[in-house]
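>>> Predicted model follows, preceded by the sequence.
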Amino acid sequence: MRYGSLWSFIFFAMLITLGIDSTFAGIEALITGLCDEWRLLHNKREWFVGVVCILYYFGSLPAISYGGQYVIPFIDEYGVSLSLLFIVTCEMVAVCWFYGIDRFTNDIKTMLGFYPGIYWRVCWMMCPVFISVIFFMTIWQVSFSPMQLSGYTFPKWSVRLGWFFRLLSVTSVPLYAIYVLSSARGTLTEVILT
């Protein structure tokens with residue numbers, strides 16, 4: 001193939017820029033959310049961005065060390081899969097069942113100018129059920145068995161640490177909901193319905 005090295009360079013340059021762009025989006029989402037929540041961070045945004053980038057740098061060093069081949073699958077298994085399913089389930093239940101399909105479709109009409117069809121309404125009503133089933137089947141599948149990677153079985157303490165990471169990210173959703181509900185004015189029914 002002619003100019004194979006050039007095409008290889010272009011391909012890997014594209015991969016690097018895609019990775020950097022994805023990282024920027026994730027960091028910006030974190031920084032914007034925290035700066036919007038706490039005004040003190042908003043006033044010192046440049047310093048906060050610097051601290052976050054330094055923390056990301058030091059947090060990523062284990063991934064490029066000799067044991068990185070075990071760190072990356074560990075984080076992928078215990079840091080993402082089950083936690084993401086739980087958070088998505090909570091979002092779907094909150095929007096579709098607590099907020100309500102009627103309100104949600106009215107919001108979509110306000111934004112787009114038309115109501116979504118009956119197909120979408122049925123999907124929004126059924127999705128929390130299906131995602132909940134997937135969530136509980138995933139819990140059943142992963143249970144407390146040690147993770148294995150290319151013949152290497154992770155030690156028992158790593159399974160406990162992994163479940164601690166899972167619970168840390170999963171419990172943040174109900175804890176924040178309790179905080180918001182307890183700090184709101186009115187009865188619990190009024191707060192949930194408004």
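Arrived safely.
>>> From now on I want contacts and neighbour counts done on CA atoms only, so please keep to that.
OK.
>>> For Met147, give its distance to Pro62.
If you measure Met147 against Pro62 using C-alpha to C-alpha, to the nearest Å, the figure is 19 Å.
>>> Looking at the two, which is more packed in?
It is Met147, of Met147 and Pro62, that has more neighbours when counted by other C-alpha atoms under 10 Å, with 18 against 15.
>>> unless I'm mixing things up, the more buried one is touching Trp157, no?
No - judged on C-alpha atoms under 8 Å, Met147 makes no contact with Trp157 at a distance of 11.2 Å.
>>> show me the contacts for the spatially most central residue of the chain.
Closest residue to the average C-alpha location of the chain: Leu84 at 5.2 Å, with C-alpha atoms, centre = their mean. By C-alpha atoms under 8 Å, 6 or more residues apart in numbering, the contact set of Leu84 is empty.
>>> hey, C-alpha coordinates of the helix or strand hosting it in PDB?
Taking DSSP states H and E as the definition, one finds Leu84 inside helix 82-93. C-alpha atoms of helix 82-93 as PDB (Å, rounded to 0.1, in the frame of the first residue of the first chain):
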ATOM      1  CA  LEU A  82     -23.300  -1.900  37.800                       C
ATOM      2  CA  SER A  83     -23.100   1.700  39.000                       C
ATOM      3  CA  LEU A  84     -24.100   3.000  35.600                       C
ATOM      4  CA  LEU A  85     -27.100   0.600  35.400                       C
ATOM      5  CA  PHE A  86     -28.300   1.700  38.800                       C
ATOM      6  CA  ILE A  87     -28.000   5.400  38.000                       C
ATOM      7  CA  VAL A  88     -29.800   4.900  34.700                       C
ATOM      8  CA  THR A  89     -32.600   3.000  36.500                       C
ATOM      9  CA  CYS A  90     -32.900   5.800  39.000                       C
ATOM     10  CA  GLU A  91     -33.100   8.400  36.200                       C
ATOM     11  CA  MET A  92     -35.700   6.500  34.300                       C
ATOM     12  CA  VAL A  93     -37.900   5.900  37.400                       C
END
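>>> in it, what's buried?
Neighbour-count burial for helix 82-93, counted by 16 or more other C-alpha atoms under 10 Å, picks out Leu82, Ser83, Leu85, Phe86, Ile87, Val88, Thr89, Cys90, Met92, Val93.
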